[in-house]
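Asks: Give me coordinates for this.
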Amino acid sequence: MNAPESNPVLIPKTWGTFWDIFGEPLVGFMDKPEGARILDVGSGGGSVLYPLAKKTGPTGHVIGVELCEHCTRKTASEIERCKIENAEIILLDARQTEFADASFDCVTVGFIGWEDYFDFQKNEYIKPDLLMREITRLLKPGGQFGMSTWLLQEDLDWMYRFLTSQSIRSKKNYHIEDEKGWRKILTNGVTRTFRSSSKLQLMPTTRSTSGGEK
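Replies: Below is the predicted model:
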């Protein structure tokens, strides 16, 4: 008589795009996520949320917030399918949450852009930065903020020669973001002490015209 097989560990599925490449490294940069309460802004398909849930362990908890109803529904379904008990995703505008002050040890943001608030070409704000203000409100004193974005996006110029869609020309494709602007964003108007790590990891570029949902 064969012994019964143990239940397999289910691996959550993202959308299977190149965004998956960046999720693990961002989580790896966070100093001490084990047992932490973490907010993941713009979770999309879970490329950052799932690695966070794995690393923070059963004593921690990850809350993903997302404005896209489709993304929220699909990722929530995947969390339920894999029985991930220390993570959840909710449909919520990260610029105006109802979470209590200083209620998170860490906040992560992966590739959502800041074009609504900051002009990287002029290196100046175009309107109050509601998102960073909310992030600093939610972080505990000494908490950690981690984000991923582009410092150089060579492929955008490569694609622009062949494509003419408005999305390629828009600021949301990160083609004008730079380190100088990000440093200003990270230090401007911060009223609560938190740590932001100045770590840079160079990732291989992928020439793709379909970024998908992270």
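
Asks: Only C-alpha atoms from now on, for both contacts and neighbour counts.
Replies: OK.

Asks: how about the helices in this structure?
Replies: 20-29, 49-56, 69-81, 130-138, 154-160, 166-169, 179-187 (DSSP state H).

Asks: Which elements pack onto the first one?
Replies: If contacts are counted by 3 or more CA pairs under 8 Å, 6 or more residues apart in numbering; DSSP states H and E, helix 20-29 sits against helix 49-56, strand 139-148.

Asks: mean confidence for it?
Replies: On average, the pLDDT along helix 20-29 is 84.

Asks: Can you give me the buried ones in it?
Replies: Buried residues in helix 20-29, counted by 16 or more other CA atoms under 10 Å: 20, 22, 23, 24, 26, 27, 29.

Asks: Could you export the residues you listed as CSV, including distance to residue 176?
Replies: Shown next, in CSV, are these (distance: CA to CA, whole Å):
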residue, distance to residue 176
20, 23
22, 20
23, 22
24, 25
26, 21
27, 25
29, 24
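
Asks: Contacts for stretch 44-56 next, please.
Replies: 12, 14-15, 19-20, 22-24, 26-27, 33-36, 40, 43, 60-64, 66, 68, 71-72, 74-75, 84, 86-87, 110, 213-214 (CA atoms under 8 Å, 6 or more residues apart in numbering).

Asks: mind showing which ranges of the chain have poor pLDDT?
Replies: Scanning the chain for pLDDT under 70 picks out 1-19, 151-175, 188-214.

Asks: could you redo the last one with a cut-off of 90?
Replies: 1-26, 28-34, 110-117, 119-122, 142, 147-214 (pLDDT under 90).

Asks: so who does the closest residue to residue 127 other than its chain neighbours touch?
Replies: Nearest residue to residue 127 in three dimensions, chain neighbours excluded: residue 117, at 5.1 Å (CA to CA, 6 or more residues apart in numbering). Contact partners of residue 117, counting by CA under 8 Å, 6+ apart, are 125, 126, 127, 128, 129.

Asks: Return the members of the contacts of stretch 44-56 classed as buried.
Replies: 12, 14-15, 19-20, 22-24, 26-27, 33-36, 40, 43, 60-64, 66, 71-72, 74-75, 84, 86-87, 110, 213-214.
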